[in-house]
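Colleague: need a 3D model of the sequence below.
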Amino acid sequence: MNAAPGAGARVVVALDIGGTTLSGGLVTEDGAVLYEAGRPAVRDGGRDPGLHGTVALARQLTVKAGDMGAAVVGIGAGFPEYVSGAGALTSRDVISWDEQPAGLLAPLVPGRPVVVESDVRCGALAEARTGSGRGLGSFLYVSVGTGLSGAFVQDGRVWTGQRGEALGLGTWPVRGGPAPDLEAYASGAGIAARYSAVTGSAVTGARAVVARAQAGDAAAFDVLSTAGGALGTALAWAVALLDPAAIVVGGGLGAAGGLFDVSIRTAYAAHAGRRGRPPVRRAELGARSGLVGAALAAWEHPADALDTHRVA
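Modeller: Residues are numbered from 1 along each chain as shown. Presented below is the predicted three-dimensional model:
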């Protein structure tokens with residue numbers, strides 16, 4: 001009898017929790033994804049209320065690992081919220097949680113680490129180790145999916161800030177725009193909301209706006225191009241402050257290319273000003289950055305702290 005694929009492997013149950021989709025996988029120490037699964041985030045009018053979907057997905061993955069003959073050594077989970085240095089969620093901006101995820105997930109892997117991080121810092125970690133930020137002394141990672149956030153990496157370490165809140169790029173204001181901040185203006189959810197408001201035609205996500213722009217819809221084209229322009233301008237401001245070696249743009253929308261990407265780069269070039277400005281790179285891992293980074297956060301957790309549940 002042939003061994004099952006992944007038999008004998010050591011894996012982390014990795015969770016990339018988003019406002020639209022809950023994604024998960026079984027990931028080895030070198031970042032190889034042996035298995036992936038997912039489910040919608042929205043249920044009963046909320047985004048994963050009570051984290052029931054998150055726990056169910058993690059349980060599904062632990063069972064799958066057993067079926068494959070793989071050993072689960074821990075859980076790594078990235079959330080689209082502010083996360084403290086102790087691995088605790090400190091905001092409810094996206095996910096409808098009422099108990100800390102580490103406590104809910106720990107019973108699935110007794111005696112093994114449960115590492116909780118922000119999704120953008122997970123993405124930055126993955127790109128630093130195995131993606132477009134590999135070998136760079138510093139870079140700014142920006143994730144554009146349902147939401148929008150950023151993280152700064154220097155010498156391979158992701159900067160968390162004093163309160164774990166060094167990721168709020170999406171809270172920057174947009175001057176003269178119809179939305180209060182960059183996330184409401186240029187994230188996937190913001191793009192969909194702006195298009196719906198302008199046209200009266202309800203769409204549920206940025207993918208629909210992208211498809212309509214590609215089909216010649218002038219309103220969709222304008223919403224996407226102005227969203228990219230606002231983000232590109234913000235990146236020029238961030239470069240003026242941080243002077244990183246590069247900018248890496250990821251997330252489902254950020255890594256997709258097309259009009260949005262072109263608009264980002266055009267506005268960035270126009271506002272960055274000085275010669276030799278840091279290049280803008282697309283995330284090498286694409287939409288998988290968050291998933292792989294969640295796994296790496298668990299793999300890099302201190303080996304002598306297996307009975308704790310904190311960020312590595």
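Colleague: show me the contact partners of the lowest-mean-pLDDT helix or strand in the chain.
Modeller: In the chain, the helix or strand scored least confidently by mean pLDDT, DSSP states H and E is strand 42-43, which has a mean of 90. Outside of strand 42-43, the residues within contact range by C-beta atoms under 8 Å, 6 or more residues apart in numbering are Thr20, Pro49, His52, Gly53. All C-beta atoms are positioned from the backbone trio N, CA, C, and that covers glycine.
Colleague: backbone dihedrals for the second one, please?
Modeller: The phi/psi pair for Pro49 (degrees, to the nearest 10) reads phi -60, psi 130.
Colleague: name all residues that make contact with it.
Modeller: Listed by C-beta under 8 Å, 6+ apart, the contact set of Pro49 reads Arg43, Ser96.
Colleague: likewise the third one?
Modeller: With contact taken as C-beta under 8 Å, 6+ apart, His52 is in contact with Arg43.
Colleague: so can I have a markdown table of the contacts of strand 42-43 showing pLDDT, secondary structure and distance to His301?
Modeller: Listed next are those as a markdown table, based on pLDDT from 0 to 100; DSSP: H, G, I helix; E, B strand; the rest coil; distance: C-beta to C-beta, whole Å:
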| residue | pLDDT | secondary structure | distance to His301 |
| --- | --- | --- | --- |
| Thr20 | 90 | coil | 28 |
| Pro49 | 96 | helix | 28 |
| His52 | 97 | helix | 25 |
| Gly53 | 98 | helix | 24 |
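Colleague: and the two most separated of the residues you listed?
Modeller: Thr20 and His52 (16.5 Å; C-beta to C-beta).
Colleague: just the strands in the stretch 201-312 of the chain please.
Modeller: Along the stretch 201-312 of the chain, the segments classed as strands by DSSP state E, counting those that start in this stretch run 247-250, 280-282.
Colleague: which parts of the stretch 101-250 of the chain are helices?
Modeller: Ranges of helices in the stretch 101-250 of the chain, per DSSP state H, counting those that start in this stretch, are 101-105, 119-130, 182-186, 188-199, 206-214, 218-242.
Colleague: can I get those helices in a markdown table with mean neighbour count, mean pLDDT and distance to Tyr35?
Modeller: As requested, these are exported to a markdown table (neighbours: other C-beta atoms under 10 Å; pLDDT from 0 to 100; distance: least, C-beta to C-beta, whole Å):
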| stretch | mean neighbour count | mean pLDDT | distance to Tyr35 |
| --- | --- | --- | --- |
| helix 101-105 | 21 | 98 | 18 |
| helix 119-130 | 29 | 97 | 17 |
| helix 182-186 | 26 | 96 | 32 |
| helix 188-199 | 21 | 96 | 26 |
| helix 206-214 | 20 | 96 | 25 |
| helix 218-242 | 20 | 97 | 33 |
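Colleague: please report phi then psi for Asp16.
Modeller: Torsion angles, degrees, to the nearest 10, at Asp16: phi -120, psi 100.
Colleague: ok, Gly254 next?
Modeller: phi -60, psi -30.
Colleague: sorry, back to before: out of the contacts of strand 42-43, which comes closest to Ala240?
Modeller: Looking across the contacts of strand 42-43 and measuring by C-beta to C-beta, the closest to Ala240 is Thr20, at 32.4 Å.
Colleague: state the number of residues packed around the nearest residue to the closest one once chain neighbours are set aside.
Modeller: Distances taken as C-beta to C-beta, 6 or more residues apart in numbering place Thr146 nearest to Thr20, at 4.8 Å, with adjacent residues excluded. Residues lying near Thr146 (other C-beta atoms under 10 Å) number 24.
Colleague: from Pro80, how far out is Thr146?
Modeller: As judged by C-beta to C-beta, to the nearest Å, Thr146 and Pro80 stand 7 Å apart.
Colleague: can you list residues touching both of the two?
Modeller: Shared contacts of Thr146 and Pro80, defined by C-beta under 8 Å, 6+ apart, comprise Gly18, Gly19, Val94.
Colleague: from the residues you listed, which land in helices?
Modeller: Using DSSP state H, no member of these falls within helices.
Colleague: least confident of the residues you listed?
Modeller: Of all the shared contacts of Thr146 and Pro80, Gly19 has the smallest pLDDT value, namely 90.
Colleague: OK, contacts around it?
Modeller: Counted by C-beta under 8 Å, 6+ apart, Gly19 has contacts Ala41, Arg47, Pro80, Val94, Ile95, Gly145, Thr146, Gly147, Ala189.
Colleague: the third one: how many residues sit nearby?
Modeller: Read it as Pro80. Pro80 - counted by other C-beta under 10 Å - has 28 other residues nearby.
Colleague: shouldn't it be in contact with Gly147?
Modeller: Yes - contact criterion C-beta atoms under 8 Å: Pro80 and Gly147 qualify, at 5.3 Å.
Colleague: kindly reformat the contacts of Gly19 as JSON lines containing distance to Leu259.
Modeller: Formatted as JSON lines, the contacts of Gly19 follow (distance: C-beta to C-beta, whole Å):
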{"residue": "Ala41", "distance to Leu259": "26"}
{"residue": "Arg47", "distance to Leu259": "27"}
{"residue": "Pro80", "distance to Leu259": "24"}
{"residue": "Val94", "distance to Leu259": "26"}
{"residue": "Ile95", "distance to Leu259": "30"}
{"residue": "Gly145", "distance to Leu259": "17"}
{"residue": "Thr146", "distance to Leu259": "19"}
{"residue": "Gly147", "distance to Leu259": "20"}
{"residue": "Ala189", "distance to Leu259": "18"}
